[in-house]
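>>> model this:
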Amino acid sequence: MQRAALAVLATAGLLCSPLVGTADAQVLYGSIVGNVTDAQGAQVPAASVTITNNATNFSAETVTNSEGGYSVPNVLPGSYDVKVSLQGFREFVKTGVPVSAGQISRVDVKLDIGAMTEVVTVESAVQLLQTDKTDLHTELKSKELSSLPLNQYRNYQALMNLVPGATPTRFQNAQTDTPGRALTTNVNGTNRNNNVTRIDGAASINVWLPHHAGYIAPVETIETVNISTNSFDASQGMTGGAAITVATKSGTNDFRGSTFWFANRDEFNARQNFFSGADNPNSSVDILGGTLGGPIRRNGLFFFGGWERNLEKNSRISTLTVPTALMRTGNFSEVLGFNSNFRIYDPATGNPATGADRATFAGAQIPASRMSPIASAVQAQYPLPNVPGTNNGTQNNYERTEFPEATRDNYDFKVNWNRTAGNQIWAKYSRMDATV
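Numbers count the residues shown, from 1 in each chain. You can find the predicted model right below:
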């Protein structure tokens with residue numbers, strides 16, 4: 001058994017100063033941009049723009065520039081309401097604007113003349129058109145991650161199969177090397193070492209095996225996974241195949257959590273074809289855990305935590321070859337039964353330099369007097385055949401049931417502090433303990 005531990009501590013202080021102009025999306029944060037015009041299409045400068053996070057009540061403000069444009073950069077992922085107001089115009093509100101990590105959400109506004117007490121409310125589409133970036137990407141949200149079929153370890157990387165240009169994900173190294181069971185894939189024909197995974201903005205790379213991610217975040221703790229495969233941003237440098245951005249969940253003003261238990265038993269599975277027994281050997285895989293998030297102080301301080309345990313008690317049938325009872329006495333006549341050309345030569349005969357003219361042991365039987373006591377002692381340590389085997393019972397004649405076990409625990413904890421409208425601070429700690 002080997003024990004492995006991996007701890008990742010990520011902290012970030014975010015200065016979210018509303019700026020006017022063009023916003024470039026970052027790996028960890030998104031942006032909300034747009035243009036404000038009146039009913040005739042003229043640009044509206046000096047309009048007040050306020051964004052409010054529906055889950056945490058965090059808000060940030062800016063004003064439109066002389067060309068009617070506005071930009072709110074460094075926006076944490078989530079759902080936002082965008083409000084635009086100016087004296088002499090009806091107030092405009094667009095609800096449920098989605099913001100994703102590394103993406104730009106555009107909200108263009110047309111203001112109608114009227115009193116500010118009059119409000120025009122528009123509900124945003126769940127998915128916005130991509131008009132401000134040229135990258136080719138696939139985005140998977142929490143619902144898809146937890147609802148779509150995953151592999152036996154519930155690894156979100158299994159959904160890389162849905163990304164155009166990606167080869168089917170697969171294991172490449174043993175569980176002792178990658179206890180998190182990271183998957184590897186090639187994207188657009190590039191070497192898999194060129195893929196880079198970032199968790200909450202920090203690169204997660206297995207230094208010893210760089211084609212694997214270092215830490216695999218549990219599915220229940222993930223908010224979104226963004227996979228860019230072409231025309232990357234400068235912020236996604238050091239990438240040649242896929243730039244994978246994982247944004248984990250944060251706490252909100254509401255207490256929310258989940259518990260889960262996925263179980264697989266040998267009784268649920270078809271009988272292993274090459275096993276001679278009537279039933280599968282006992283085996284089980286359990287993935288269980290839970291998450292909880294909520295406010296420490298409403299509208300200001302939030303937490304989110306998760307724990308996942310993987311208990312794996314597998315069964316494995318190893319088919320081996322051991323000496324038969326006759327072979328242990330020096331009698332190899334069983335081999336002659338399926339190979340008439342089989343011969344055992346007496347090393348004490350013939351030319352000692354060239355081996356020419358050596359005599360054979362009659363009937364492929366070595367006399368007991370010629371058997372080495374040391375070899376016999378070593379031979380006695382081997383078990384006797386327990387299955388008929390092949391080639392007259394001389395090969396593949398022993399089956400051994402093995403029960404390798406593996407235990408893995410993932411711990412995740414995240415704190416978000418909305419200190420002011422212009423300053424957000426968060427900290428994240430993740431740890432994996434594994435015995436394989």
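>>> mind listing what's buried along the host helix or strand of Leu311?
Element membership of Leu311, judged by DSSP states H and E, is strand 301-313. Residues of strand 301-313 classed as buried by neighbour count (16 or more other Cβ atoms under 10 Å): 301-302, 304-310, 312-313. Just so you know, the C-beta spots here come from the backbone N, C-alpha and C atoms, and that holds for glycine as well.
>>> could you export those as TSV, including pLDDT?
Formatted as TSV, the buried residues of strand 301-313 follow (pLDDT from 0 to 100):
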residue	pLDDT
Leu301	95
Phe302	97
Phe304	97
Gly305	97
Gly306	96
Trp307	97
Glu308	96
Arg309	95
Asn310	93
Glu312	88
Lys313	85
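>>> which strands border the helix or strand harbouring Ala406, and is each parallel or antiparallel?
Under the criterion DSSP H and E, the helix or strand holding Ala406 is strand 405-420. Using DSSP bridges, strand 405-420 pairs in its sheet with strand 301-313 (antiparallel), strand 423-435 (antiparallel).
>>> export the last one as CSV, just CAs?
This means strand 423-435. The C-alpha trace of strand 423-435 is given here as CSV (Å, rounded to 0.1, in the frame of the first residue of the first chain):
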residue,chain,number,x,y,z
ASN,A,423,-12.6,44.9,-3.2
GLN,A,424,-13.4,41.2,-3.0
ILE,A,425,-11.1,38.7,-1.3
TRP,A,426,-11.4,34.9,-1.4
ALA,A,427,-9.3,32.0,-0.3
LYS,A,428,-9.4,28.3,-1.3
TYR,A,429,-7.9,25.2,0.2
SER,A,430,-8.0,21.8,-1.4
ARG,A,431,-6.5,18.5,-0.2
MET,A,432,-6.4,14.9,-1.4
ASP,A,433,-5.4,12.0,0.8
ALA,A,434,-5.0,8.7,-0.9
THR,A,435,-4.0,5.2,0.1
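>>> average pLDDT across it?
Strand 423-435 carries an average pLDDT of 90.
>>> do a quick rundown of the helices in the stretch 1-150 of the chain.
142-147 (DSSP state H, counting those that start in this stretch).
>>> which intervals of it have sub-threshold pLDDT?
Residues of the stretch 1-150 of the chain that meet the criterion pLDDT under 70 lie in 1-27, 116, 125-128, 131-132, 134.
>>> in it, which spans are strands?
Under the criterion DSSP state E, counting those that start in this stretch, strands of the stretch 1-150 of the chain are mapped to 3-15, 30-38, 48-53, 59-63, 69-75, 78-85, 91-99, 104-106, 109-111, 119-123, 136-141.
>>> go through those strands and pick out the most buried.
Neighbour counts (mean count of other Cβ atoms under 10 Å) averaged over each of the strands of the stretch 1-150 of the chain peak at strand 69-75, with a mean of 23.
>>> give the other helices and strands that it contacts.
Contacts defined by 3 or more Cβ pairs under 8 Å, 6 or more residues apart in numbering; DSSP states H and E place strand 69-75 against strand 30-38, strand 48-53, strand 59-63.
>>> what strands line up against the shortest one, and which way round?
Spelled out, it's strand 59-63. strand 48-53 (antiparallel).
>>> quick check, Ser376 in a strand?
No - if the criterion is DSSP: H, G, I helix; E, B strand; the rest coil, then Ser376 is helix and not within a strand.
>>> which residue packs closest to it, ignoring adjacent ones?
For Ser376, ignoring the flanking residues on the chain, the nearest one in space by Cβ to Cβ, 6 or more residues apart in numbering is Arg328 at 7.5 Å.
>>> isn't that neighbour up against Gln379?
Yes - assessed by Cβ atoms under 8 Å, Arg328 is found in contact with Gln379 at 5.5 Å.
>>> so where is the stretch 251-400 of the chain shaky, pLDDT-wise?
Ranges of the stretch 251-400 of the chain meeting pLDDT under 70: 271-281.
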